[in-house]
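Asks: After the sequence you'll find the predicted model.
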Amino acid sequence: MPAAPRRPLTAAALVRAQAVIESFDLTGSGALAYGRRVIQGNAYASHLWLTSWEGARARQLTHGAVRDTAPAWSPDSRRLAFLRTPVRQPGADGAAATAQIWLLAADRRDARPWQLTRLPHGVRALRWSPDSRTLALVAETGEERFVVGGQRPGVAPTARRITATDWRDDDAGLVGRRHHLFIIEARRGARPEQLTDGDFDADEPAWSADGTLIAFTSGVASDSNVDPRMRICAVPSTGGAVRLLVDWQGDAHRPAFSPNGQWLAFAGIDHRDPPDESLLGLWVQRVDGGQRRCLTDGLDRAVEGGAWADLALADDAPGPLWLTSTELVVLVGTNGRNLPYRARLDGGSAEPLTNRALRVVGSGLAVSAGRIGFSAAIDGHASEVFALADGRLRPLTANGSSWQRRVGRPELTEFEIAGPGGPIQVWLASPPDTGDKPLPTVIHFHGGPTGCWAPGGTMDSTLLTAHGYRVAMPNIRGSATHGSAWIAALGGRWGEVDAADALAVTDALIARGLSDPDRIGLLGLSYGGFLVQWMVGVTDRFAAAVAENGVANQVSEWASSYFGVHYNRRARLGDPLSSEGVDQLWATSPMRNVAAVRTPLLMLQAAEDQVCSAGN
């Protein structure tokens, strides 16, 4: 009998099939622990898995209705710490679940994890001390900010009196409490001790090599969302006064002490109020407060990546990480890719550790005993963890992308077109075995605008290509990873240079015979949603459009976006504090063209989006 025809892939089937490797860590002996996220019921669940540098078959370490994330090996390799959050299905009753630190013995195959912390508002991050006896952690603490009236569990406050713009963010929504630095001994019955306190947040803890100091990142300003300026501070691990380690005009974060204790590495920008085209650099500074220099100066590329694919997202740090006391590794976004780079204290240019042409979007790094682990998505696959050695990537995991065999994976090609401001990189996802024949096409704009499409898989392109569409993902002007000038070209010119590039991409797809000119649609999220809304107001050449969490009115968005006050300033979009500023904002608002819209437009909006909010 002939085989039954394969059912078309549905969105529900794709969502339930997905898996993502979220985070990983290495021991000095080469043991690899990683977190893998799946769907359980109608919620995410995550479990930890264990494999080795030699490629042993992975086995699952944790189970159940839990979100186990952020695995971290103790420096002596004997214990694995991680964050566990109980999974609550949508609509379930009860208090919101919080993440707590759990520990698992590594030297017993039958060991069961046990809970270390029971903090009332959960734990945000953890770091082992060099002697493996203590953990630094970040947790919310103190009374709720802005509350008028009593604070009783389960009782809503009488009112909230908002006196600063940092009362919300896109991760937590309402930012009711500050989060601060604690330490706790890694033993049963231990109680955490708070190291920092005050009207500021402490993040990204990093131990000094001798364990006497803990560095952390903080915006120690009265209203850091109006004029954000992240600085690096330090506090003695036994408690004491907080002091500034990196205090300059711009931002500094992700501190990392060198193994010999002499240097502090961090990512930063050394000028005030940096515009979008300012590129984050890799810096080192003497711990004693002396010499400071940028190791990626002249690279014209930003550290921490910048290229994006939703099947490559992870919680792992992109560096900087010390390989030795004189060498560091860090992710760098370049030409639609995130690649691992090595930088040396003795000078010279930072260099990629893999071939620049490799079609890869990296998301995380781990270093241990000279080994480099690298989580990355390659050629449309979802992320796996790789061993990086001698310029080659050797897979250490296989169950990050194996699910794609069940749902199909697009064919991915890379090409350039001649745009009005220079060559435009385009990643093109196509149904398998369709060649170059013209197909209905969706042009997908990324967010940002300083986002960047990369060669990792996306849920949208997987679903659309399964239904016969091509998906064109262009890195138009304003996109990251193509240098400062490419980003600067968009500054203050939204709806102008980006629209011109979008039309150039459309023309090129038709001219190359790849797209049916009567069946081209638009799709975009956040800034991409803005551009979709703009395009349908200035041309009717597209068959249909979908804008997700877009911005139609830049004037109201200035105040309703949680970071609109400083972001609009840095993007040169203007502000509503003068009539000229209002005119400038309105000039880049898709709403001004609404009477000209003839294209069928579906507008989708996430209610909890604090960046591109529902009212705009």
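Replies: Looks like it arrived, so ask away. Numbering: from 1, shown residues only.

Asks: Can you pull the phi/psi pair for the most centrally placed residue in the chain?
Replies: Nearest residue to the geometric centre of the chain (CA atoms, centre = their mean): residue 313, 6.4 Å. Dihedral pair for residue 313: phi -70, psi 140, per degrees, to the nearest 10.

Asks: quick one, helices of the protein?
Replies: Remark: helices assigned in the chain by DSSP state H are 11-17, 404-407, 459-466, 484-488, 497-511, 527-538, 554-560, 564-570, 579-587.

Asks: Pull out the buried positions in the fifth one.
Replies: Yep, that's helix 497-511 we're talking about. Of the residues in helix 497-511, 497-506, 508-510 count as buried by neighbour count, 16 or more other CB atoms under 10 Å. In short, each C-beta sits where N, CA and C put it, glycine included.

Asks: what residue ranges in this structure score low on pLDDT?
Replies: Across the chain, the ranges flagged by pLDDT under 70 are 1-6, 91-95, 150-151, 153, 170-172, 220-225, 316.

Asks: so who does residue 52 touch?
Replies: Residue 52 is in contact with 30-32, 396, counting by CB atoms under 8 Å, 6 or more residues apart in numbering.

Asks: Identify whichever of the helices of the chain lies nearest to residue 244.
Replies: Judged by CB to CB, the one of those that comes nearest to residue 244 is helix 564-570, at 21.4 Å.

Asks: what's the spacing between that closest one and its chain's center?
Replies: Here the centre of helix 564-570 is set off from its chain's centre by 20 Å, with CA atoms, centre = their mean, to the nearest Å.

Asks: Now for the residue nearest to residue 65 when sequence neighbours are not counted: which residues touch it?
Replies: Spatial nearest neighbour of residue 65, chain neighbours left out: residue 87 (4.2 Å); criterion: CB to CB, 6 or more residues apart in numbering. Contact partners of residue 87, counting by CB under 8 Å, 6+ apart, are 40-41, 43-45, 65-67, 97.

Asks: are any of those buried, and which?
Replies: Among the contacts of residue 87, those classed as buried by 16+ other CB under 10 Å are 40, 45, 66-67.

Asks: Narrow these to those in strands?
Replies: Counted as lying in strands by DSSP state E, out of the buried ones among the contacts of residue 87, are 40, 45, 66-67.

Asks: Please produce a markdown table containing the residues you listed, extended by distance to residue 234.
Replies: Listed next are these as a markdown table, based on distance: CB to CB, whole Å:
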| residue | distance to residue 234 |
| --- | --- |
| 40 | 41 |
| 45 | 37 |
| 66 | 34 |
| 67 | 31 |
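
Asks: Surely residue 592 touches residue 586?
Replies: Yes. Counting by CB atoms under 8 Å, residue 586 is a contact partner of residue 592 at 5.9 Å.

Asks: end to end, how far does stretch 129-142 reach?
Replies: Criterion CA to CA, to the nearest Å; first-to-last residue distance in stretch 129-142 is 25 Å.

Asks: For that stretch, what is the distance to the chain centroid?
Replies: Centroid displacement of stretch 129-142 relative to its chain, using CA atoms, centre = their mean, is 23 Å.

Asks: check contacts around residue 392.
Replies: residue 354.

Asks: Distance to residue 567 for the contacts of residue 87 - can I get that in JSON lines?
Replies: As requested, the contacts of residue 87 are exported to JSON lines (distance: CB to CB, whole Å):
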{"residue": "40", "distance to residue 567": "36"}
{"residue": "41", "distance to residue 567": "37"}
{"residue": "43", "distance to residue 567": "31"}
{"residue": "44", "distance to residue 567": "29"}
{"residue": "45", "distance to residue 567": "34"}
{"residue": "65", "distance to residue 567": "38"}
{"residue": "66", "distance to residue 567": "36"}
{"residue": "67", "distance to residue 567": "30"}
{"residue": "97", "distance to residue 567": "31"}
